[in-house]
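Student: Predicted model follows, preceded by the sequence.
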Amino acid sequence: MLRFTIRDVLWLTVVVALIVVVWWADRATINPERASLRLAQEYVDAKGRKLESKMVQVVDALDKLSASQAFYALPS
């Protein structure tokens with residue numbers, strides 16, 4: 001039969017408390033980083049949508065031009 005002394009229970013309490021403190025500190029640093037990454041992703045997505053709409057406009061404009069006009073209309 002296993003017998004636990006008060007010292008064993010106190011050591012277990014210290015170990016569990018340290019694990020909880022380390023976990024809490026890790027979560028406290030991850031949440032702001034996660035929010036920052038979310039904002040950066042939203043910014044990149046918005047820029048990507050804007051660029052995509054510009055590309056569609058350019059392709060539509062080039063489709064309306066004849067082949068010879070399109071060659072000279074391309075940006076260098």
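Tutor: Arrived safely. Numbering: from 1, shown residues only.

Student: number of nearby residues for residue 22?
Tutor: Burial measure for residue 22: 10 neighbouring residues, criterion other C-beta atoms under 10 Å. Using the backbone N, CA and C atoms, a C-beta is placed for each residue, glycine as well.

Student: and the helix or strand hosting it, how far out from the chain's middle?
Tutor: Element membership of residue 22, judged by DSSP states H and E, is helix 6-64. The offset between the C-alpha centroid of helix 6-64 and the centroid of the whole chain comes to 4 Å, using C-alpha atoms, centre = their mean, to the nearest Å.

Student: what's it packed up against?
Tutor: Here helix 6-64 is seen to pack against helix 67-73 when contacts are counted using 3 or more C-beta pairs under 8 Å, 6 or more residues apart in numbering; DSSP states H and E.

Student: For the helix it packs on, give the mean pLDDT please.
Tutor: Average pLDDT, helix 67-73: 62.

Student: before we move on, back to that, so for the helix holding residue 22, mean pLDDT?
Tutor: 91.

Student: gap between the residue nearest in space to the middle of the chain and residue 28?
Tutor: Of all residues in the chain, the one closest to the mean position by C-alpha atoms, centre = their mean is residue 37, 3.8 Å from it. For residue 37, the distance to residue 28 under the criterion C-beta to C-beta, to the nearest Å works out to 16 Å.

Student: which ones are touching residue 42?
Tutor: Residue 42 makes contact with no residue, according to C-beta atoms under 8 Å, 6 or more residues apart in numbering.

Student: Okay, it and residue 9: tell me how far apart.
Tutor: Computed with C-beta to C-beta, the distance linking residue 42 and residue 9 is 49 Å.

Student: What of residue 1?
Tutor: When distance is defined by C-beta to C-beta, residue 1 is 16 Å away from residue 9.
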